[in-house]
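Trainee: Compute the structure for the input listed below.
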Amino acid sequence: MPTPLDDQLLENAIEQTLPMLTQLLNTPSPTGYTREAIRFCRESFTALDLPLSVFETRKGALMMPLKGKSAQIHRAVTAHVDTLGAMVKDVKPSGRLKFAMLGGSPWTAVEYEGVTVRTAKDERIRGTIVPVNGSTHVNKDAATMPRNENTLEIRLDARTRSGAETVALGIAPGDFIFFDPRVELGEAGFIRSRHLDDKLCVAAIYAALIALKDGGLIGQIAYDTLLNISNYEEVGHGGRADWPDEMDELLVVDMAAMGDGQWSDEFSVTLCIRDSGGPYSFEMNENLRRLAAEAGIPLKTDLYPNYSSDGTAYWGAGGAARVALIGMGVDSSHGYERSHRDGLKHTTHLIAQYLLGE
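Mentor: Numbering: from 1, shown residues only. Below you'll find the predicted structure:
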């Protein structure tokens, strides 16, 4: 049985992690354009000065093998850094942009959101997602018309009133569009931002390593463990490749789905028993329940009806290792999301206990 981590040790790890989390949330990483966030993660994890060898896969994911006391079992822990976003679909005659979604964001969740358009030359142009003919003083149907790819557009903060003028700015189909994250860390411990799915879980892995290092426990990690920051989860294939054949267990760290009929909350860590891909590993789930109980970690169990993870992708590609899924509750997922530092702390603690446990 691993020794539970002292609460003050965990609180200190969270305090050290929050600046990293804030910068990561403010680093754009829509699925397909994650190199800035992967670079930031690489620098952040490297700066912890741990016995990690850090490298990137050909798909651009981050791999960080961590030596344990034994190589008898090979483990992996993963979270994804790619997020929702959008892409320029067309330049309209008005000079405004038609756009396509990247990932599963509801159209209603992005109305009136600030955005940044990245051109092929890496110029950044600000704008806002607005309804077409959206002034209620002009269009009596502005409030009731459906929200979709034909009724929302991007109004650029540039002097352009024609398609030719917008094209002259360097904008073309395929340019990435970043949603403003609007990060807020409140005094009550709440964390509000877009893209907590799944950057908050990347931060939990980071915080677990800080806690183990500060507690002098890095040398007590039970088994060789591959840490992975994936970059294509939101489109379903982030976890499908690049895993070692000898991997025995994969712990996926991803947000817990909150809503009517769900047991997950923002203040605990949730063990997902089943998502839309089916049940996760019974053996791993039993071990994680035991670790949480022994360490006094508040653990919820839940089922996610409309959800899949990198673990789902891994199994769908024929992966043979056991897989489990944990994470803190995130309210209003794929919208303007919210969680709490307590959920981050307890997820961090369970990751640490898993790394130490046999």
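
Trainee: Please name the nearest non-neighbouring residue to the spatially most central residue of the chain.
Mentor: For the chain, the residue sitting closest to the mean C-alpha position, by Cα atoms, centre = their mean, is residue 198 at 1.4 Å. Nearest-residue entry for residue 198: residue 80, 4.7 Å, with adjacent residues in sequence omitted and distances by Cβ to Cβ, 6 or more residues apart in numbering. (Each C-beta comes from the backbone N, C-alpha and C, glycine too.)

Trainee: What lies in contact with whichever helix or strand residue 101 is part of?
Mentor: Assigning secondary structure by DSSP states H and E places residue 101 in strand 97-102. With contacts defined as Cβ atoms under 8 Å, 6 or more residues apart in numbering, strand 97-102 is touched by 30-32, 84-92, 107, 117, 127, 129, 149, 152-154, 156, 166, 171, 176-177, 234-235.

Trainee: buried subset of those?
Mentor: 30-32, 84-89, 91, 117, 127, 129, 152-154, 156, 166, 171, 176-177, 234 (16 or more other Cβ atoms under 10 Å).

Trainee: Could I get the contacting residues of residue 180?
Mentor: 113, 114, 115, 116, 194.

Trainee: Please apply the same query to residue 56.
Mentor: When contacts are counted by Cβ under 8 Å, 6+ apart, residue 56 touches 38, 42, 62, 63.

Trainee: returning to that earlier point: pretty sure the residue nearest to residue 198 sits against residue 237.
Mentor: No - the criterion here is Cβ atoms under 8 Å, and residue 80 misses it with residue 237 at 11.2 Å.

Trainee: For this protein, which strand extends over the most residues?
Mentor: The residue-count maximum for a strand in the chain (DSSP state E) belongs to strand 70-80.

Trainee: How far away from the center of its chain is whatever helix or strand comes next after that one?
Mentor: With elements assigned by DSSP H and E, the helix or strand that comes after strand 70-80 is strand 85-91. Offset of strand 85-91 from its chain centre (Cα atoms, centre = their mean, to the nearest Å): 22 Å.

Trainee: which SSE is the residue nearest to the centre of the chain in?
Mentor: Using DSSP H and E, residue 198 falls within helix 196-214.

Trainee: Many thanks, have a good one.
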